[in-house]
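Peer 1: How does the following fold in three dimensions:
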Amino acid sequence: MANIDKIKLPKSITNKYTLENESFKREIKSDPKDKIEIEIGDMKQLDFKPQFKIMRWDNEVNFSIRGEENVLGTVDFQGEKIKYKTQDYEIHLYDKPGASKDGGFEFEWVLLKKPPTNIVKATIETKDLNFFFQPPLTQSEIDEGCIRVGSVVNSYAVYHKSKGNINLTSEKDYKVGKAFHIYRPKAIDANGVETWGELNIDEINKTLTVLLDQTFLDIALYPVTIDPTFGYTSVGATEDGNFQTIANTVTPAGTGNADNENFYIYCDSGSHTFKGAVWDDASGTPGNRDILGAVSGTIPIGVGAVSWVVSNFASEAFVVETLHPGVTVDSSTTNLFSAFYDTTTGTNAFENVGTGVPANPFGAATTRTGRSYSNYVNYTAAGAAVFIPRLSLLRVG
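Peer 2: Alright, predicted model coming up:
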């Protein structure tokens with residue numbers, strides 16, 4: 001059995017984590033409406049397990065990954081790293097604050113010698129989550145100017161199964177419903193030679209595997225490190241630029257009052273004001289604009305300044321029909337803004353040339369499927385209204 005020697009725990013560990021049974025716990029984000037917690041080990045077990053667990057929204061959703069155990073496995077520490085050590089491999093677990101906007105975590109295999117196969121495997125458990133594979137961009141997406149960096153290609157965006165996109169102000173801060181992102185792993189040998197590993201999540205068989213290039217393993221200088229990274233982020237991982245107006249589509253099941261619109265954007269240059277808007281629609285095409293938000297400031301300038309921005313409404317009521325909450329910039333047709341999305345299922349997108357002032361009605365649109373943009377609305381319910389989201393986009397070509 002692998003047990004933690006509490007006497008030898010370094011301050012780098014005790015200053016960051018709370019020890020419970022044979023596991024470590026930490027609150028990453030204490031906001032009661034958007035709480036993020038992690039657990040290293042399994043507090044329900046009598047010995048330490050090579051496991052990492054992430055819990056969001058007060059454990060409303062969670063995900064855990066556990067590496068292969070060995071009866072001779074031991075626990076050791078190096079700075080902030082917690083190491084599960086065996087004769088053939090180690091599993092390193094440690095904080096990675098630069099992984100994404102709210103930080104991240106590394107679940108790292110270290111192969112001490114050439115493995116018998118080119119697949120490393122862990123078991124997983126999940127609660128109320130959907131996993132969306134992020135394939136290489138299509139030629140159409142590339143032609144549109146979309147950017148998906150190498151660590152996002154063949155990664156997974158992980159979303160709440162039922163919440164997000166249009167949220168009750170009195171409930172949790174689900175934003176678009178994204179819980180975290182599992183980035184594409186790299187394998188790196190002792191000489192610094194590296195190659196991408198191919199990540200696969202099998203929800204039915206409850207496994208996470210990384211397929212490694214066999215030739216790389218044959219000639220590598222060991223140890224070889226494989227580094228799946230978990231990013232605590234609510235934002236889409238793919239950039240899409242040149243927008244004048246952007247809108248998601250949601251289908252409410254009741255009436256309510258829109259409070260504000262939130263979107264994650266930036267502008268390459270210039271200074272542009274933005275405002276939120278909501279169009280109504282009973283037929284599937286954007287119709288009359290019901291709500292127009294106040295001008296809320298300027299769009300952040302430059303990639304480093306990308307952030308959530310908000311436009312407040314005057315608590316105007318909407319009725320039961322398809323809604324298109326969106327955002328637009330000022331009347332300039334140059335220096336348009338960039339938005340962010342993940343490849344998902346069951347979403348729709350609308351594309352149209354914007355005018356700077358939100359058109360009323362929205363105007364002609366074409367449909368695109370398979371994207372979830374980082375754009376959401378908070379609302380106050382009228383009665384016991386419940387909202388079921390459906391997404392789409394209005395884009396400048």
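Peer 1: partners of the closest residue in space to residue 10 that isn't next to it in sequence in the sheet?
Peer 2: Ranked by Cβ to Cβ, 6 or more residues apart in numbering and with sequence neighbours excluded, the top spatial neighbour of residue 10 is residue 77, at 5.3 Å. No exception for glycine: its C-beta is placed from N, CA and C like everyone else's. Using DSSP bridges, the bridge partners assigned to residue 77 are residue 82.
Peer 1: Burial check on residue 200, number of neighbours?
Peer 2: Residue 200 is surrounded by 15 other residues when neighbours are defined as other Cβ atoms under 10 Å.
Peer 1: How far off centre is the helix or strand harbouring it?
Peer 2: Secondary-structure assignment from DSSP states H and E places residue 200 in strand 198-202. In terms of Cα atoms, centre = their mean, to the nearest Å, the gap separating the centre of strand 198-202 from the centre of its chain is 17 Å.
Peer 1: what's the following helix or strand after that strand?
Peer 2: Following strand 198-202 toward the C-terminus (DSSP H and E): strand 207-211.
Peer 1: Buried residues, the helix or strand following that following strand. List them.
Peer 2: Heading C-terminal from strand 207-211, the first helix or strand you meet, by DSSP H and E, is helix 214-219. Under the neighbour-count criterion of 16 or more other Cβ atoms under 10 Å, helix 214-219 has 216, 217 buried.
Peer 1: Let me see the contact set for the residue nearest to residue 10.
Peer 2: With contacts taken as Cβ atoms under 8 Å, 6 or more residues apart in numbering, residue 77 has the following neighbours: 8, 9, 10, 12, 13, 83.
Peer 1: just checking, which of these belong to strands?
Peer 2: Taking DSSP state E, the ones among those that sit in strands are residue 83.
Peer 1: among the contacts of residue 77, which ones are buried?
Peer 2: Of the contacts of residue 77, these count as buried by 16+ other Cβ under 10 Å: 13, 83.
Peer 1: Format the contacts of residue 77 as TSV; extra columns: pLDDT.
Peer 2: Supplementary listing: those in TSV, determined by pLDDT from 0 to 100:
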residue	pLDDT
8	78
9	87
10	87
12	90
13	91
83	96
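Peer 1: Save the contacts of residue 77 as JSON lines, and put in distance to residue 189 too.
Peer 2: Output for these, formatted as JSON lines (distance: Cβ to Cβ, whole Å):
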{"residue": "8", "distance to residue 189": "30"}
{"residue": "9", "distance to residue 189": "31"}
{"residue": "10", "distance to residue 189": "28"}
{"residue": "12", "distance to residue 189": "27"}
{"residue": "13", "distance to residue 189": "28"}
{"residue": "83", "distance to residue 189": "19"}
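Peer 1: coming back round to it: roughly how far does the residue nearest to residue 10 sit from residue 23?
Peer 2: Between residue 77 and residue 23 the distance, using Cβ to Cβ, to the nearest Å, works out to 14 Å.
Peer 1: Quick check, residue 86 in contact with residue 73.
Peer 2: Yes - contact status for residue 86 versus residue 73: in contact at 5.1 Å, counting by Cβ atoms under 8 Å.
Peer 1: With neighbour numbers in mind, choose between those two.
Peer 2: Using other Cβ under 10 Å as the criterion, residue 86 and residue 73 rank with residue 73 on top: 21 against 18.
Peer 1: nearest spatial neighbour of that one, skipping sequence neighbours?
Peer 2: Spatial nearest neighbour of residue 73, excluding adjacent residues (Cβ to Cβ, 6+ apart): residue 2 at 4.5 Å.
Peer 1: Give me the pLDDT value at residue 335.
Peer 2: Residue-level confidence at residue 335 comes out at 50, pLDDT.
Peer 1: Likewise for residue 290?
Peer 2: The per-residue pLDDT reported for residue 290 equals 66.
Peer 1: Ok, the one 4 residues further on next?
Peer 2: Looking at residue 294, its pLDDT reads 68.
Peer 1: Show me the contact partners of the strand holding residue 200.
Peer 2: Strand 198-202 is touched from outside by 124, 131, 133, 154-156, 182, 184-185, 207-211, 228, with contacts defined as Cβ under 8 Å, 6+ apart.
Peer 1: what about residue 218, distance to residue 224?
Peer 2: In this view, residue 218 and residue 224 are 11 Å apart by Cβ to Cβ.
Peer 1: lowest-pLDDT helix or strand in this structure?
Peer 2: strand 387-389 (a mean of 34; mean pLDDT, DSSP states H and E).
Peer 1: Which residues does residue 343 form beta bridges with?
Peer 2: Beta bridges link residue 343 to residue 371 when assigned by DSSP bridges.
Peer 1: What residues does residue 268 make contact with?
Peer 2: Residues touching residue 268, when contacts are defined by Cβ under 8 Å, 6+ apart, comprise 241, 301, 302, 335, 338.
Peer 1: Thought residue 76 was touching residue 4, still the case?
Peer 2: No - with contact defined as Cβ under 8 Å, residue 4 does not count as touching residue 76 (9.9 Å).
Peer 1: And the two? Which one has more around it.
Peer 2: Summary of the neighbour comparison: residue 4 and residue 76, criterion other Cβ under 10 Å, with residue 4 having more neighbours (20 against 15).
Peer 1: Excluding covalently adjacent residues, which one is nearest to residue 234?
Peer 2: Residue 234's closest residue in space is residue 175 (Cβ to Cβ, 6+ apart), at 4.4 Å.
Peer 1: All set, thanks.
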